[in-house]
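**Student:** return a 3D structure for these sequence lines:
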Amino acid sequence: MTDSTTSDEAWFYAQGGQRKGPIPSDKLRELLAAQTIDGDTPIWRKGLADWQPLHTTEIGAELKDTPPAIAANQVNNGLVWTLAVAPIAYVLVDIAILGYQFNHPYEDYAFLSSLSWLIPLLVNGGLCLLDEQQLKRAGYSSGWMTFFALLLAPVYLFVRAQRLRQTPTYGFVWIGSFIASIILRAM
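**Tutor:** Modelled structure (predicted):
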């Protein structure tokens, strides 16, 4: 606990499955303004019986000036659906690379071979990051979503669906597309 935080104003908040704090109420407000936390973030301090969503506390009263997140069914899902079927599109990239290699048998293919994994990595990361920014503009905090957006597209899809309280259909479509891409590559 810092010297400026008395035990009565020391707040704790939960993020990413971890308890964080103690922090003073002004720091909690800064995290809220920076959209690091939101009105649904569980918080606690001495005197509260249990963890409560921030919007139910006196600090949450300040949220009245902030519009709520738009309804999940109003969020554009175009980017995540593109991401969901992308594994099949990557097969087409592989076919194009193989076609080039077949037509130019005496060239060095080191760079072309790296495109087979580099293109999916960059496109997946780009689509996830663009979608995450779209969600922030819609009023949804990202938390750990940026981490998943950069590393694991399918995990991002499932975390996103959970965050928006949607059925993770696009995550299951990604799994199906990935399996289909493996089968197509094996042919």
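
**Student:** surely residue 42 and residue 17 touch.
**Tutor:** No. Counting by C-beta atoms under 8 Å, residue 17 is not a contact partner of residue 42; they are 10.8 Å apart. For every residue, glycine as well, the C-beta is placed using N, CA and C.

**Student:** which of these two has more neighbours?
**Tutor:** Legend: neighbour count by other C-beta atoms under 10 Å for residue 42 and residue 17, higher for residue 42 (15 against 6).

**Student:** for residue 99, see how far away residue 105 is.
**Tutor:** As for residue 105, its distance to residue 99 is 12 Å (criterion: C-beta to C-beta, to the nearest Å).

**Student:** more crowded one of those two?
**Tutor:** residue 99 (10 against 7).

**Student:** and the residue nearest the centre of the protein?
**Tutor:** residue 145 (2.5 Å; C-alpha atoms, centre = their mean).

**Student:** which residue is the nearest non-sequential neighbour of that one?
**Tutor:** residue 132 (5.3 Å; C-beta to C-beta, 6 or more residues apart in numbering).

**Student:** got it, and residue 161?
**Tutor:** residue 168 (3.6 Å).

**Student:** again, but for residue 36
**Tutor:** In space, residue 36 is closest to residue 141, 6.9 Å off (C-beta to C-beta, 6+ apart).

**Student:** what's the burial count for the residue nearest to residue 161?
**Tutor:** Neighbours of residue 168 using other C-beta under 10 Å come to 18.

**Student:** so it touches residue 159, yeah?
**Tutor:** No. Assessed by C-beta under 8 Å, residue 168 is found out of contact with residue 159, at 9.1 Å.

**Student:** tell me the secondary structure for the residue nearest to residue 36?
**Tutor:** coil (DSSP: H, G, I helix; E, B strand; the rest coil).
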